[in-house]
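[1] Fold the following and give me the result.
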Amino acid sequence: MASHETAPRRVGADTPNIARMYDYWLGGKDNFATDRESAEEIVRISRGKVLRGVRLNRAFLGRAVRAAASAGVRQFLDLGSGLPTRENVHEVAGPGARVVYVDYDPVVASHARAILARSEGVGFVEADLRRPAALLGDPTVRELIDFTEPVAVLFVSVLHFVDDAAGPGAIVGEYRDALVPGSHMVLSHLSTENFPDKIAQTERVYQGASAPMGARTRAEILGFFDGFELLPPGLVGPTEWNPGARDTSLEKFAGLVGVGVKH
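    The predicted structure follows:
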């Protein structure tokens, strides 16, 4: 992964914002012209695959949350959650689940707090996931999440915005060490595996956005699962992670996804 600055960029409507770009791809309305321009540039580079990819990634999130809930996990920590959209984690997890959404972006924070204010058992924390000790000690996190019981920690489309210089493996390790056995880690990450040339072009677009992006190799992404046992079918494309499905598409995408369980 290329080296980028490690501090989050605090930007306004004149700089492309990664959360608003994602919102645009999902058909949302919380985005500005500069977000749409950069988002459309990536649509062009990917020949439209990014649109299907982000929607499949969202569908993977839903399936992974349901799988964790089916295994008895009732607590979810969604790191780098982005703007609230359809089928949010607390909606998928069902009644009685406790969910904390986390994002450092003040735009996300203002929208999320307004939308989630009346949701029981749900909280939002404006914090940087790259500071696990501070985040795990946050009063809202401590109020809603009991770390003596299994928790699902979600790193969905977020770690490729964490530079190598920040030590992403060590960051994930701190969250892992806070979890008890039976906890889940849900991860999706852009990979250099299938479309290296297009990924390089996409990285250049993100250089001007609110956070630079860097894809990683399959081996590097697998490394994040140290201390977890990957659930079948392992680290795969988003269409392939579909437990119980008879048929899965073998269409290739830039992202890899997986779910691990701590034992």
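[2] quick one: the strands in the stretch 101-250 of the chain?
    Secondary structure of the stretch 101-250 of the chain (DSSP state E, counting those that start in this stretch): strands at 122-126, 152-156, 184-190, 228-230.
[3] Averaging pLDDT per element, find the lowest-scoring helix or strand in the chain.
    In the chain, the helix or strand scored least confidently by mean pLDDT, DSSP states H and E is helix 196-206, which has a mean of 51.
[4] related to what we said a few turns ago, kindly reformat the strands of the stretch 101-250 of the chain as JSON lines containing mean neighbour count, mean pLDDT and distance to residue 96.
    Just so you know, the C-beta spots here come from the backbone N, C-alpha and C atoms, and that holds for glycine as well. Formatted as JSON lines, those follow (neighbours: other C-beta atoms under 10 Å; pLDDT from 0 to 100; distance: least, C-beta to C-beta, whole Å):
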{"stretch": "strand 122-126", "mean neighbour count": "21", "mean pLDDT": "93", "distance to residue 96": "12"}
{"stretch": "strand 152-156", "mean neighbour count": "25", "mean pLDDT": "97", "distance to residue 96": "14"}
{"stretch": "strand 184-190", "mean neighbour count": "25", "mean pLDDT": "94", "distance to residue 96": "17"}
{"stretch": "strand 228-230", "mean neighbour count": "15", "mean pLDDT": "98", "distance to residue 96": "25"}
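[5] Relative to residue 116, how far out is residue 99?
    9 Å (C-beta to C-beta, to the nearest Å).
[6] For those two, list the residues in contact with both.
    Residues touching both residue 99 and residue 116 (C-beta atoms under 8 Å, 6 or more residues apart in numbering) are 90, 122-123.
[7] quick one: contacts for the residue lying closest to residue 228 once chain neighbours are set aside?
    The shortest distance from residue 228 to any non-neighbouring residue, by C-beta to C-beta, 6 or more residues apart in numbering, is to residue 260 (2.8 Å). Neighbouring residues of residue 260 by C-beta under 8 Å, 6+ apart: 184-185, 187, 225, 228-231.
[8] any idea which helix or strand carries residue 260?
    Element membership for residue 260, per DSSP states H and E: strand 255-262.
[9] tell me which of the contacts of residue 260 is nearest to residue 164?
    residue 187 (16.6 Å; C-beta to C-beta).
[10] Might you list the low-confidence residue ranges for the stretch 101-250 of the chain?
    194-213, 243-250 (pLDDT under 70).
[11] so how many other residues sit close to residue 113?
    14 (other C-beta atoms under 10 Å).
[12] how close does it sit to residue 97?
    With distances taken as C-beta to C-beta, residue 113 is found 19 Å from residue 97.
[13] go on, residue 124?
    15 Å.
[14] Just give me the residue right at the centre of the protein.
    residue 156 (1.9 Å; C-alpha atoms, centre = their mean).
[15] correct me, but it touches residue 76?
    No: if you go by C-beta atoms under 8 Å, residue 156 and residue 76 don't touch, sitting 11.1 Å apart.
[16] Quickly list what's touching both of these two.
    Joint contacts of residue 156 and residue 76 (C-beta under 8 Å, 6+ apart) do not exist.
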